[in-house]
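In: sharing a model prediction with you, sequence too.
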Amino acid sequence: VSERAALGLGEADPARFRYLERTTAFADRLADYDLVIHPSRRETFGLAALEALAAGVPVVSSRVGALDEAIVDRRALFAPGDAADLARVLEGLPAAWAEIVAELPDRRRRLGETHGVDRAVSLFEAGLAAIGPAGLR
């Protein structure tokens with residue numbers, strides 16, 4: 001069974017969807033978009049959507065991975081696999097749009113604090129310190 005069929009997209013018209021190919025310049029590519037919709041049914045972390053937020057692009061996402069925490073405005077979140085809930089979020093988007101866009105700088109700052117490289121290095125160094133030199137052997 002193909003991945004497309006397994007996801008229930010077997011009958012979906014591919015012309016209605018636009019999928020981005022892999023690229024090393026993902027943030028640059030995102031600059032061309034006004035909104036990213038991340039409809040994942042399950043996610044260990046949600047890096048692509050977090051990169052979109054970090055690039056300053058509003059994200060509507062299912063409540064998966066770190067996205068349930070990272071997307072502060074609950075109006076931009078929907079239940080995974082629930083098309084009716086996604087429709088509800090999209091229907092309410094025009095009314096919420098100005099606030100969602102206005103809080104993007106604060107979201108970007110918080111993402112840097114909680115998921116940025118500096119934070120990851122700090123956690124790594126703290127972990128090394130906790131296990132000590134003997135634990136590294």
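Out: Ah, there it is.
In: so the residue sitting nearest the centre point of the chain: helix, strand or coil?
Out: Closest residue to the average C-alpha location of the chain: residue 49 at 2.2 Å, with CA atoms, centre = their mean. Here residue 49 takes the helix state, with states given by DSSP: H, G, I helix; E, B strand; the rest coil.
In: isn't it up against residue 38?
Out: Yes: using CB atoms under 8 Å, residue 49 is in contact with residue 38, at 4.0 Å. All C-beta spots, glycine's among them, are computed from the backbone N, C-alpha and C.
In: who touches both of these two?
Out: Among the neighbours of residue 49, those also in contact with residue 38 (CB atoms under 8 Å, 6 or more residues apart in numbering) are 59, 61, 67.
In: ok, the residues you listed vs residue 30, which is closest?
Out: In terms of CB to CB, no member of the shared contacts of residue 49 and residue 38 lies closer to residue 30 than residue 59, at 9.9 Å.
In: can you list the residues that contact stretch 58-68?
Out: Contacts made with stretch 58-68 from outside it, assessed by CB under 8 Å, 6+ apart, are listed as 34-46, 49-50, 52-53, 71, 76-82, 86, 89-90, 93, 97, 100-101, 104, 115.
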